[in-house]
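Enquirer: please work out how this folds:
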Amino acid sequence: MPNPLPGPPVPNITYLSWNIQKLGNNTGAANLPPTQTQIIRFIALTVQYANADVVAVMEVVCGLGAQIMAWLCAELNNMPGMVGTWRGRVSSRQDGGTTEEYIVAWREQAGTLVLDDAALPGSTTLSGVVDDQVLEPLFTAMGWNTPAQREQFYYALADSGYIVKGWFGAGRARTETATWRMSQQKWGELSAAMPGAAVVFDPAGTQPPAPLTPAQLQDLATRLVEVDILRFLNYGERSPYLATFTLGAGKRLTMAVYHALGTSDPTRFNAINVLAMSLPLQAAARDANLLLMGDFNVKATEYGKVCVVYTRTTQAGATAFGPRIPRVATTVFAPITGAPLNCANLLPTQKTSLMEGYYPEEVDVDNLLANAYDKFFFHGAGPGPQEVTAPPAATVVNLLQVITRGQPGYDVDLARSAMIFFRALGGAQRIADAYCGAEKMVDALHAEVSILYGKYNRAANAASTPGADGGPPPAKSPARTRQGQALSELLSAEQDLEAAERSLDSLQPIQSFLESGATECVGVGTALAVYRWAISDHLPIAVTLTA
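Expert: This next block holds a predicted model:
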């Protein structure tokens, strides 16, 4: 029997997750005219270096997401030998003080990687938010392309009770969200009436710019139910951004990128677990494939943190989202790695962020990695035609090595791009200021140590004074206590002095190097200073899935 003809090649798709610190603000394009946005080139070169097909960028601020995304896709599409066409989407701006956006860009190739326009509640969507990306199919079909038409439709939904603005706080601190959310009551009504539920506009309220067909009203109801009633747990809480792709021969994968609140916010553990309640994420874990990635701001030592379990409840015809009653607790990540998402943790303990401070040029690059904040969680569809597989671990793209001459993986284009951007942002002056500050700190600590040394000597002399009977000094006395306290203060100040002197010693060669006008880093200490100040305190993470 002759061998069967080979089937189409199995595509490998590489996904890149990257928290670029305050992109668009003090470390991004806002400070530079378009001709000088070297940060965009650095991102594009990193995407090319990692051979990524999809890149998700977090912490885009100042409302520049659309401009940065356009620059990035143009830069990628202009790279020699690039196969496919880079396209991108930008999320709505998050609520909270930072009003962050996400950027997702992908290298579209027919038969390999295409955005899935049939996905619900949209091909891309900010979870829990009713926005243009959820309603774009309807807007396109109706020809509602002007801001006025779209605003009228949102107010038609609001007047009919389907969408609301959320409120947080009380009194003068009470704050309204910028984004529309599903009404809990209407979500409950539509959800209970599915399938076949349809939106009904209140004749006494604002009406859509044009009447919708029964099929459109049903499709709208389905999308609104899929948006869900998941609420941020506080005003600053962020929502994941979802994008659904068709891979290879029709396989579907939903990718979600998430930037949790900072490490000082205790609610982030509860909020992370609420992600697992998302209807689109549950559907992807049940029927297709799911990749959940991003910066979760949870250390490996915090995996046992106890969280409150939230739920959707319906009582006396009213639907609500909130903590389960009676209260139930679980550990952070439990509903992600267990039911209902059942995702494998592809980055259990790998360190993905960078140390603070300044270090010697010859420091071991592995010693500069800090907490295991970033995560990749993956759930494959299992055996069958929808199966997508993943390796046992994701990969940290250590750009400190990539931009340091002589290190493994060194890339001269990336190295020079990083240095150009660093200098454009006043990097040399930044290091000079840091050096001046370190000098002042060393001088101040020298003076403090001298004072504390004298204090300790006086306390020690007092503690060694013979007792009232002329015998040896008592082993326990107020004088002995003061001596111990003085010694503790002295040792602490000496440790601070040693650290400041190490920082000063490390800064000196970095400063000399930058003053020389060099275009590439020749030491890891300089690479850390350049990357951490100009780019981010996180490294990009990559994983390759086989479809």
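
Enquirer: this structure: helices as residue ranges?
Expert: Along the chain, counting by DSSP state H, helices occupy 38-49, 65-77, 132-142, 147-159, 184-193, 214-227, 268-274, 279-287, 334-337, 399-402, 412-424, 427-463, 478-515, 524-534.

Enquirer: looking at these, which is nearest to residue 547?
Expert: helix 279-287 (14.2 Å; CB to CB). (Each C-beta comes from the backbone N, C-alpha and C, glycine too.)

Enquirer: list the buried ones in that closest one?
Expert: Neighbour counts using 16 or more other CB atoms under 10 Å place 279, 280, 281, 282, 283, 284, 285 of helix 279-287 among the buried residues.

Enquirer: with stretch 89-109 instead?
Expert: Neighbour counts over stretch 89-109 (16+ other CB under 10 Å) mark 89-96, 98, 100-107 as buried.

Enquirer: can you check stretch 112-127 too?
Expert: Neighbour counts over stretch 112-127 (16+ other CB under 10 Å) mark 112-116, 119-127 as buried.

Enquirer: out of those residues, which is nearest to residue 335?
Expert: Within the buried residues of stretch 112-127, the smallest distance to residue 335 is 14.9 Å, found for residue 127 (CB to CB).

Enquirer: got the confidence number for the closest one?
Expert: Predicted confidence (pLDDT) for residue 127: 94.

Enquirer: could you double-check that it sits in contact with residue 237?
Expert: No. In this structure residue 127 lies outside contact range of residue 237 using CB atoms under 8 Å: 11.3 Å.

Enquirer: residue ranges with poor pLDDT in this protein?
Expert: Applying pLDDT under 70 to the chain flags the ranges 1-9, 26-37, 231-232, 467-471.

Enquirer: redo that, cut-off 80
Expert: Scanning the chain with the threshold set as pLDDT under 80 gives 1-10, 24-37, 96-98, 168-173, 231-236, 316-317, 382-383, 467-476.

Enquirer: spatially central, which residue of it would that be?
Expert: residue 259 (3.1 Å; CA atoms, centre = their mean).

Enquirer: show me what the residue lying closest to that residue once chain neighbours are set aside is bridged to.
Expert: Among residues not flanking residue 259 along the chain, residue 58 sits closest, at 4.1 Å (CB to CB, 6 or more residues apart in numbering). Taking DSSP bridges, one obtains residue 19 as the residues bridged to residue 58.

Enquirer: neighbours around residue 58, how many?
Expert: By other CB atoms under 10 Å, 26 other residues sit near residue 58.

Enquirer: wait, it sits on residue 256?
Expert: No. Using CB under 8 Å, residue 58 makes no contact with residue 256, being 11.8 Å away.

Enquirer: okay, and the common contacts of those two?
Expert: Counting by CB atoms under 8 Å, 6 or more residues apart in numbering, the contacts common to residue 58 and residue 256 are residue 294.

Enquirer: from residue 214, how far out is the nearest residue to residue 221 once chain neighbours are set aside?
Expert: Spatial nearest neighbour of residue 221, chain neighbours left out: residue 197 (4.3 Å); criterion: CB to CB, 6+ apart. For residue 197, the distance to residue 214 equals 12 Å [CB to CB, to the nearest Å].

Enquirer: neighbour count for these two, which is higher?
Expert: Under the neighbour definition other CB under 10 Å, residue 197 and residue 214 were set side by side, and residue 197 has more, 18 against 8.

Enquirer: what's the local residue count around residue 219?
Expert: Neighbours of residue 219 under the rule other CB under 10 Å: 18.

Enquirer: give the contact list for residue 271.
Expert: Listed by CB under 8 Å, 6+ apart, the contact set of residue 271 reads 232, 233, 237, 260, 261.
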